[in-house]
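Visitor: Curious how this folds, go ahead:
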Amino acid sequence: MNKPRKGRFLTWRRMQNYALNLWEKQRGQTVLRSRPLLIYSESTTRCNARCIMCPRSNGPLPIHDMNMETFRRVAGDVFPTALVTFMQGTGEPLISKNFDEMLSVAKSYGMKVSCHTNGTVMTPDRARKLVASGINVINFSVDAVQEDIFQSIRPGASLRKVLRSIEMLDHARKELHRSNPAIGFAFVAMRRNAEELPKVVELAHQVGARWVMAKGIIPLSQNTFEESLLHEPDRARAVAREAKAMADKYHVSLSLGSELTDPEAYSISRQGAGDGRGLCQEPWETVFITADGSVEPCCILYSGEPMGNIHEQSFDEIWNNEKYQRLRAMLYAGKMPEACKDCPTLWVRRHTARYSRVLLSRIRRGPLAFVNDLKPLWS
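Guide: Numbers count the residues shown, from 1 in each chain. You can find the predicted model right below:
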């Protein structure tokens, strides 16, 4: 199988943009010279599962597939300076007929590429293509080790298919003598599956997944509100402790959302208590391009009014338009939009002053220090 053309990741243009972006974030600039660092590229809104935590559980979403003309326009505008593209959105990315070509384009810019899949449509041929492409990370949705619980959360998907998909990828990596893609699990914690988390960590160890990212369910409806572990903070903390012990035992990296480790404080944060100044960096460093070309500041504000559409304006016009400037000024001043109160990263930034100190220290160290910041992605 021919190896696709890949660009260099560590370029001066990319490092300079990274440094400038950090500086502009710290100063709260509303008009930016830097470009976004993290790009969400939604290849499709179609999905073969009906997960209970998905926005589509509240009703059908419009069906869109990003065409290659749109993707190439996005790539030309932002990929030369960005660090990572997450090829995912509200749909199952591997369903997209253009996914392989999109992946090839992204790698030609030297991008680090990640995708999140439900693991239902993998085939041996698809696994070989993914490994050969050089994709860096594939995250699988794994919310339980018991099949009945798994399928109650993700109707249309199954743990059996996920495990088979991982086997295919592992076989392809060995066949092609590659170490990538790295594989991880994403776990959405709720009442019905809380005690499954430590077991999922153990499963990750068994199948060679390097990490488990666990976050609490975001209450988008009455049903998901009832499933939230915020109603049972002691249970959430106990499960988090057990999962951490399991991760330490098996040397699996574990990321726990604050709604699991400190539910009461997270609840207060969602109510908007305290000063929010400088907590959210998304409008400076992230952009979400939907399958129909809409530009959103992040995945949480996905359902709101878009900042613009790349079929109607250039990316530069959108990136510094009045909507973006207003949102940046609002967040830097500590005023949180209502939709932001459901953000799973809000608590972390609200309750740790270290976030701002680390950001400032990076800027003060000078340009060459950014090479070390980028090494985890570079290597």
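
Visitor: Nearest residue to Pro155 in space, ignoring adjacent ones along the chain?
Guide: Distances taken as C-beta to C-beta, 6 or more residues apart in numbering place Arg50 nearest to Pro155, at 4.7 Å, with adjacent residues excluded. In this view, the C-beta of every residue, glycine as well, is placed from N, C-alpha and C.

Visitor: what's the pLDDT at Asn48?
Guide: According to the prediction, Asn48 has pLDDT 89.

Visitor: same check, this time on the one 4 residues further on
Guide: Note on Ile52: pLDDT of 85.

Visitor: which residue sits closest to it, ignoring its sequence neighbours?
Guide: In space, and not counting its chain neighbours, Ile52 is closest to Ile153: 5.8 Å by C-beta to C-beta, 6+ apart.

Visitor: burial measure for the one you found, as a count.
Guide: Neighbours of Ile153 under the rule other C-beta atoms under 10 Å: 21.

Visitor: next helix or strand past whatever helix or strand Ala247 lives in?
Guide: Applying DSSP states H and E as the criterion places Ala247 in helix 233-250. Moving toward the C-terminus from helix 233-250, the first helix or strand encountered (DSSP H and E) is strand 253-256.

Visitor: Run the chain-centre distance for the helix holding Ala247.
Guide: Distance of helix 233-250 from the chain centroid (C-alpha atoms, centre = their mean, to the nearest Å) equals 23 Å.

Visitor: Need the contact partners of it.
Guide: With C-beta atoms under 8 Å, 6 or more residues apart in numbering as the test, helix 233-250 has contacts from 189, 194-195, 197-198, 201-202, 204-205, 212, 214, 216, 229-230, 252-254, 256, 259-264.

Visitor: taking the residues you listed one by one, which sit in strands?
Guide: For these, membership in strands holds for Ala189, Val212, Ala214, Gly216, Ser253, Leu254, Leu256, with DSSP state E as the criterion.

Visitor: Buried ones among those residues?
Guide: Neighbour counting with 16 or more other C-beta atoms under 10 Å marks Ala189, Val212, Ala214, Gly216, Leu254, Leu256 as buried within the ones in strands among the contacts of helix 233-250.

Visitor: Could you check how many residues crowd around the closest residue to the fifth one other than its chain neighbours?
Guide: Going back to what we said before, that points to Leu254. The shortest distance from Leu254 to any non-neighbouring residue, by C-beta to C-beta, 6+ apart, is to Ala247 (3.7 Å). Look at Ala247: counted by other C-beta under 10 Å, it has 23 neighbours.

Visitor: And for Phe71?
Guide: 23.

Visitor: so the residue nearest to it when sequence neighbours are not counted is in which element?
Guide: Setting aside the residues directly before and after it, Phe71 is nearest to Met102 in space (C-beta to C-beta, 6+ apart), at 5.1 Å. Assigning secondary structure by DSSP H and E places Met102 in helix 99-108.

Visitor: And the next helix or strand past that helix?
Guide: Read in the C-terminal direction, the helix or strand following helix 99-108 is strand 112-117, with elements assigned using DSSP H and E.

Visitor: and the nearest residue to Ala329 once chain neighbours are set aside, what does it touch?
Guide: Counting by C-beta to C-beta, 6+ apart, the nearest residue to Ala329 once its immediate chain neighbours are dropped is Thr30, at 5.1 Å. By C-beta under 8 Å, 6+ apart, Thr30 lies in contact with Tyr324, Gln325, Arg328, Ala329, Tyr332.

Visitor: Tell me the secondary structure at Thr30.
Guide: Judged by DSSP: H, G, I helix; E, B strand; the rest coil, the three-state class of Thr30 is coil.

Visitor: Ramachandran angles for it?
Guide: For Thr30, the backbone dihedrals (degrees, to the nearest 10) come out as phi -100, psi -30.
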